[in-house]
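Undergrad: Return atomic coordinates for the entry below.
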Amino acid sequence: MDFKRRSGVLLHPTSLPGSAGIGTLGKSAYDFIDWLKKAGQSLWQVLPLGPTGYGDSPYASFSTFAGNPLLIDLDLLSQRGWCDKKDIIPPDYIKKEGNVDFGSVVWWKLPVLNKAALYFLKNASAEDKKLYKDFCKEKKNWLDMFAIFMSIKAVYDKKAAEEKPASSLWNHYWPKGLATCEKSALEKWQKEHSEEIEILKVIQFFFDVQWSELKNKANQEGILLIGDIPIFVAPDSADVWANQSLFQFKKDGSLAAVAGVPPDYFSADGQLWGNPLYDWDAMKESKYAWWINRIKRVFELTDVLRIDHFRGFEAYWSVPAGQPTAINGSWKKGPGIELFKAIKKKLGDIPVIAEDLGVITDEVRQLRDDCAFPGMKVLQFAFSTEEAEQNGMVNYFLPHMFTGPNCVIYTGTHDNDTVQGWLENLNDEQLLLVAQYIEGKTLSLEKCKAEVKSGLLRKAMIKTVFSSTAVYAIVPMQDILGVDNEGRMNRPSTTGANWTWRMEKNALKKADFENLAFLSKMYARNQKD
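TA: Sure, this is the predicted structure:
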């Protein structure tokens, strides 16, 4: 895929302002597209769009195919006549400003969406009902099983909350016939829970309509949407439940091994993610149909795809299920180039960004290059001694070390601190190194600190990203606004306040679109297709 030189902004829709409780696909999303155009930007990168589970992480959703119901804009539903206006008035405890309180939003919004779905089924026009039926037919390969899974989950999650079993995951707690997807058990369930299943499908239709219209608006303005998927899927998902033969399960229905990463300079115990691992032999036997369908779905929703933990396609860290840490895992070979040849055969030359961060081997680099995928560069990592040490004291994140344009540069990602927060927490030696590299001149420590406080050093880092040779330059919205570490989106391996940041109501009016437009023009990132 021939990537053109572009720039853009990383902002998940949940962070948009103005709507009750959480950012949505409504007015603020359209305002953001207008702002991107004024700022000369042609990329909008989002995080995974699936329905989030416990912990609220978009990287651990109940489905890699479905959309997140919490992103649906209720006002847009009302304008279409798809709900009763009086049903969408938020209670007083749901605020329009401040960070997302996922618990409160879920408690309020999901029942409202259920009501809206019932209203739609009863009152929608014949034309709209036909659109819905067409949607159900087109998305049948994932929609039916997703709706069944979520309807079963709703019942047995409630029971688990009351009975508190040792594990409430479907493969331990659901009746065997439902847990193993026995045809007769599923048919019986569908008959007994037809209304709940239909409601879940309608809600997915709401999401699909609103997202498609938003994407059309962005594309009309010359803006491409960059989507994102994790390499692995959540254990508590319709993806695993409906495709158990494609994952590493034991005969008794328990997981054989789970995903993670080995011990490194970040963690002495490694990271135990707990995701089910793919049975790549079974995937190959099916000609990688599940993966092809997954990628196809992403490109229905977005224009470019970032794949998280790309290195796992070359080799993945396999930890025997039940281990308390990731220490006792081992490297297993992934599908390699075969998978991407199969995807290309079905879908053509798709634009993919390979997230190649962390401990990357020559074999991983070769796979990335054989696929002709751009990798990632993160400017904050350019000043990491650990990164340099693992590459023979060479830091490939430094812009002057880029070997060509086939990469995507970020000031930081959703897992990093904001640039302002990062700069404020550097020690004196690190700050001098960063400031003098970015500005290309000798500076006193006092001058460096003054430029951090004023925001000048942050802005200079954004300029460095734009001026680099990387084909795409992407800046998180927090870095454009100068938000400190209170705006950090995620702190890996922690729970609680992650994924909750939202822009303030008037943030776009304060954001310096003129400087971004200047940088895009100056560094030839405003090219048109």
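Undergrad: If you count neighbours, what's buried in stretch 176-184?
TA: Buried residues in stretch 176-184, counting neighbours by 16 or more other C-beta atoms under 10 Å, are found at 178-179, 181. Placement of C-beta: from N, CA and C, glycine included.
Undergrad: I meant stretch 403-410, not that one.
TA: Here stretch 403-410 shows 406-410 as buried, counting by 16+ other C-beta under 10 Å.
Undergrad: just to revisit the earlier point, make TSV from the buried residues of stretch 176-184 and add secondary structure to it.
TA: Shown next, in TSV, are these (DSSP: H, G, I helix; E, B strand; the rest coil):
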residue	secondary structure
Leu178	helix
Ala179	helix
Cys181	coil
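Undergrad: Quick one: neighbours of Cys448, just the number.
TA: 22 (other C-beta atoms under 10 Å).
Undergrad: dump the residue contacts of it.
TA: When contacts are counted by C-beta atoms under 8 Å, 6 or more residues apart in numbering, Cys448 touches 431-432, 435-436, 457.
Undergrad: Name the member of those with the most neighbours.
TA: That'd be Ala435 among the contacts of Cys448, by other C-beta under 10 Å, with 25 neighbours.
Undergrad: I'd say that one and Glu446 touch.
TA: No. If you go by C-beta atoms under 8 Å, Ala435 and Glu446 don't touch, sitting 11.2 Å apart.
Undergrad: about what we covered before: and of the buried residues of stretch 176-184, the nearest to Asn293?
TA: Cys181 (17.3 Å; C-beta to C-beta).
Undergrad: From the chain's centroid, how far away is stretch 487-500?
TA: 14 Å (C-alpha atoms, centre = their mean, to the nearest Å).
Undergrad: related to what we said a few turns ago, list just the nearest of the buried residues of stretch 176-184 to Pro399.
TA: Checking the buried residues of stretch 176-184 one by one against Pro399 (C-beta to C-beta), the nearest turns out to be Cys181, at 50.4 Å.
Undergrad: Now for the closest residue to Val452 other than its chain neighbours, how many residues are close by?
TA: Once flanking residues are discounted, Val452 sits nearest to Leu423: 4.7 Å by C-beta to C-beta, 6 or more residues apart in numbering. Close neighbours of Leu423, defined as other C-beta under 10 Å, add up to 24.
Undergrad: what does Asn425 give?
TA: By other C-beta under 10 Å, the burial measure for Asn425, its neighbour count, is 12.
Undergrad: ok, now which ones touch it?
TA: Taking C-beta under 8 Å, 6+ apart as the criterion, Asn425 is in contact with 417, 485.
Undergrad: Identify all contacting residues around stretch 82-102.
TA: Residues contacting stretch 82-102 (C-beta under 8 Å, 6+ apart): 14, 17-23, 52, 56, 70, 74-75, 77-78, 104-105, 108, 112, 115-116, 119-120, 124, 128, 206, 497, 499-502, 504-505.
Undergrad: From those, keep the buried residues only.
TA: Using 16+ other C-beta under 10 Å as the burial test, those include 14, 17-23, 52, 56, 70, 74, 77-78, 104-105, 108, 112, 116, 119-120, 124, 128, 206, 499-502 as buried.
Undergrad: so the residue nearest to Thr180 when sequence neighbours are not counted, which of the three states?
TA: Closest residue to Thr180 apart from its sequence neighbours, by C-beta to C-beta, 6+ apart: Gly253 at 6.8 Å. Following three-state DSSP, we place Gly253 in the coil state.
Undergrad: show me what contacts Gly253?
TA: Gly253 makes contact with 171, 179-180 under the criterion C-beta under 8 Å, 6+ apart.
Undergrad: can I get those in TSV with pLDDT and distance to Asn395?
TA: TSV is the format used below for these (pLDDT from 0 to 100; distance: C-beta to C-beta, whole Å):
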residue	pLDDT	distance to Asn395
Asn171	87	44
Ala179	95	48
Thr180	95	50
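Undergrad: Go through the longest helix along the chain and flag the buried ones.
TA: The helix that spans the most residues within the chain, counting by DSSP state H, is helix 194-220. Of all the residues in helix 194-220, those buried under the rule 16+ other C-beta under 10 Å are 196-211, 214-215, 218.
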